[in-house]
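> One predicted model, sequence on top.
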2 protein chains.
Amino acid sequence: MPKPTFFRLADEKRQRLIKAAYAEFARVPFQTASISNIIRDAGIPRGSFYQYFEDKTDIFFYLLDQTRMQTTLLYEQALKRHNGDLFAALDEFFNAAADVLIEGPDAEFYANVFLYMDFQSATHFSPSDAKPPHKKELLRTTLSLIDRDKLVVSSDEEVGMLFRQAMWIFMQSLGHYYHRLRNGEQISLAQLKARMATMLHWLQFGAGVQKEDLHD
Amino acid sequence: MPKPTFFRLADEKRQRLIKAAYAEFARVPFQTASISNIIRDAGIPRGSFYQYFEDKTDIFFYLLDQTRMQTTLLYEQALKRHNGDLFAALDEFFNAAADVLIEGPDAEFYANVFLYMDFQSATHFSPSDAKPPHKKELLRTTLSLIDRDKLVVSSDEEVGMLFRQAMWIFMQSLGHYYHRLRNGEQISLAQLKARMATMLHWLQFGAGVQKEDLHD
DNA sequence: ATGTCATGTGACAAACTGTCATTATACGCG
DNA sequence: CGCGTATAATGACAGTTTGTCACATGACAT
């Protein structure tokens, strides 16, 4: 989390820093990104940066959190609209979120996020060492709103496992999209959505042939 | 890929270097690991290291490849033993591979692999910039050996998607296991296997309530 | 004007990476 | 044996980056 000083900054200065950070994390993956570049771009002295943020991780997840809040909202809305039908909600959410992440202004930033995010981070969607006030927020929302009668789950933990499996489909698909894009084999947004739908469908109805299918 | 010089090295020296590399990558995640530590441990001059490997990525994936070859074999055997029944083979493979990766001598190394591997690497199981001779090896094996009549797939590409979804279950579960372990909430090997089985079962038969289930 | 607290600043030490000119070693051959 | 050539070993070095810290500056209340 940014330090209090950061939030007291003059708007213009804060925006300049944020913009420079987005640019750096869009330019190269997190590991390669350098604070030196960010502060040079933003025209801010080194010492000041450390007055605002702990380190590179801190500012990166601050940026990512902006997105998380946005998408969390989309997800909740979908869940409510579909009366707790998890799979219907996920399907809608995937499509809406893909629009935001791919057609929005920070697509390059997200490309690096989804191509290079590690499992640890993906699991918690926040740095491992920071205390995440929002940790499992999506999961809590899910647990409170879903209609369990439509799922084959026997515990809250299993709901969590299922939810993560679904989120991986989403993240992996975005990673796939951006991977293709960067290799000059761009796929369309429609194809991306079809991919996510297929994988989600498998998760919902199974990718193995069911018993009754054998009667053919 | 290591440079030819590396393979011409005296066995003792090569082993020393490999051992030091394992130790370093077991100590900290890939991003944090340093070549300086590896060479200090191995007692090898800096210049020599670069005579053997391109960089940190190069030696890391060399180590990982050792494992990949081992597990690929397990997978192929399982696939043949089950006459191309993908899900049956995956179930067997997950259990066998988990034994190797968790009870073997390099468990700490794998912990860092599965906790911190990014999506890009996970997808290709090889560094993005290197030419991977084995790339998609597992997938090719799968395509040639599976019995498609047992799957709801309509193309080779879909087989690939399905396969990756399954592999993610495996990797994510190992990540989960190691995460718990490092937070002092160790789960048993049996619990890990149960988790993988549950998730794989969802993928095979669906986590959503099926039509016929509604007749209850 | 003066004290106090928050903020700004850039020089600096420590660490690491990849390179390269130089030195050492091995090996084939007259 | 002595010599030449290819291969390998070596560590000093330049170039970066990071996080810190002592000090400067500013704002504001008394």
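In hand now; what should we look at?
> only C-alpha atoms for contact and neighbour calcs from this point on.
Noted.
> Residues of chain A that sit close to DNA strand D?
Proximity of chain A to DNA strand D, by CA under 7 Å from any atom of the strand, involves residues A:33, A:34, A:35, A:36, A:37, A:46, A:47, A:50, A:55, A:56.
> Look up how far residue A:16 lies from the last one.
Here the distance between residue A:56 and residue A:16 works out to 16 Å (CA to CA, to the nearest Å).
> all helices of chain A, in order?
Along chain A, the stretches classed as helices by DSSP state H are A:4-8, A:11-27, A:35-42, A:46-52, A:56-81, A:86-103, A:107-116, A:119-124, A:137-145, A:156-182, A:189-205.
> which residues sit against the second one?
Contact partners of helix A:11-27, identified using CA atoms under 8 Å, 6 or more residues apart in numbering or on different chains, comprise A:6-7, A:33-34, A:37-39, A:41-42, A:44, A:59-60, A:63, A:106, A:108-112.
> Now do that helix, average pLDDT.
Here helix A:11-27 scores 97 as its mean pLDDT.
> Buried residues, it. List them.
Using 16 or more other CA atoms under 10 Å in any protein chain shown as the test for burial, helix A:11-27 gives A:14, A:16, A:17, A:18, A:20, A:21, A:22, A:23, A:24, A:25, A:26.
> got it, and the last one?
By 16+ other CA under 10 Å, the buried positions in helix A:189-205 come out as A:192-193, A:195-205.
> near chain B, from these?
Filtering these for proximity to chain B by CA under 8 Å from any CA of the partner chain leaves A:199, A:202, A:203, A:204, A:205.
> Flag the helix or strand of chain A with the lowest per-element mean pLDDT.
helix A:119-124 (a mean of 69; mean pLDDT, DSSP states H and E).
> circling back: and which of the buried residues of helix A:11-27 is nearest DNA strand C?
Proximity of these to DNA strand C (CA to the nearest atom of the strand) peaks at residue A:14, which lies at 9.4 Å.
> Alongside DNA strand C, which residues does chain A contribute?
So far as CA under 7 Å from any atom of the strand goes, chain A lies against DNA strand C at A:4, A:5, A:8, A:9, A:44, A:45, A:46, A:47, A:48, A:51.
> What is the nearest of those to chain B?
residue A:46 (22.3 Å; CA to the nearest CA).
> What is the nearest of the residues of chain A next to DNA strand C to residue B:143?
residue A:46 (53.5 Å; CA to CA).
> so who does the closest one touch?
By CA under 8 Å, 6+ apart, the contact list for residue A:46 reads A:36, A:39.
> per-residue confidence at it?
The predicted local confidence for residue A:46 is 98.
> pLDDT weak spots in chain A?
Flagging of chain A using pLDDT under 70 yields the residue ranges A:123-135, A:211-216.
> Return the nearest residue of it with respect to DNA strand D.
Distances between chain A and DNA strand D by CA to the nearest atom of the strand are smallest at residue A:34, namely 3.1 Å.
> near chain B, which residues of chain A?
By CA under 8 Å from any CA, the part of chain A that sits against chain B consists of A:31, A:87, A:114-120, A:149-153, A:161-162, A:165, A:169, A:172, A:175, A:199, A:202-210.
> now do 7 Å
A:115-120, A:150-152, A:202-210 (CA under 7 Å from any CA of the partner chain).
> How is chain A divided into domains?
Taking automatic domain parsing as the reference, chain A has its domains at A:1-53, A:63-206.
> Residue nearest the middle of chain A, spatially speaking?
The residue lying closest to the centre of chain A (CA atoms, centre = their mean) is residue A:68, at 6.2 Å.
> Can you give me the distance of it to chain B?
19 Å (CA to the nearest CA, to the nearest Å).
> how near is residue A:102 to residue B:104?
Separation of residue A:102 from residue B:104 (CA to CA) stands at 42 Å.
> the more surrounded of the two?
More crowded of residue A:102 and residue B:104, by other CA atoms under 10 Å in any protein chain shown: residue A:102, with 18 against 11.
> Show me what residue of chain A gets nearest to DNA strand C.
As assessed by CA to the nearest atom of the strand, DNA strand C sits closest to residue A:47 within chain A, at 2.8 Å.
> Could you single out the nearest of the ones next to chain B among the buried residues of helix A:189-205 to residue B:96?
Using CA to CA, those come closest to residue B:96 at residue A:203, 23.9 Å.
> Isn't the closest one up against residue B:201?
No: with contact defined as CA atoms under 7 Å, residue A:203 does not reach residue B:201; the gap is 9.4 Å.
> Using CSV, write out every CA atom in stretch A:106-118.
This file holds the C-alpha atoms of stretch A:106-118, laid out as CSV (Å, rounded to 0.1, in the frame of the first residue of the first chain):
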residue,chain,number,x,y,z
ASP,A,106,-3.9,0.2,-20.6
ALA,A,107,-4.0,-3.0,-22.7
GLU,A,108,-0.2,-3.2,-22.9
PHE,A,109,0.0,-3.0,-19.2
TYR,A,110,-2.4,-5.8,-18.8
ALA,A,111,-0.6,-7.8,-21.4
ASN,A,112,2.4,-7.8,-19.1
VAL,A,113,0.2,-8.6,-16.2
PHE,A,114,-1.4,-11.6,-17.7
LEU,A,115,1.7,-12.9,-19.5
TYR,A,116,4.0,-12.7,-16.5
MET,A,117,1.9,-12.9,-13.4
ASP,A,118,3.0,-15.8,-11.3
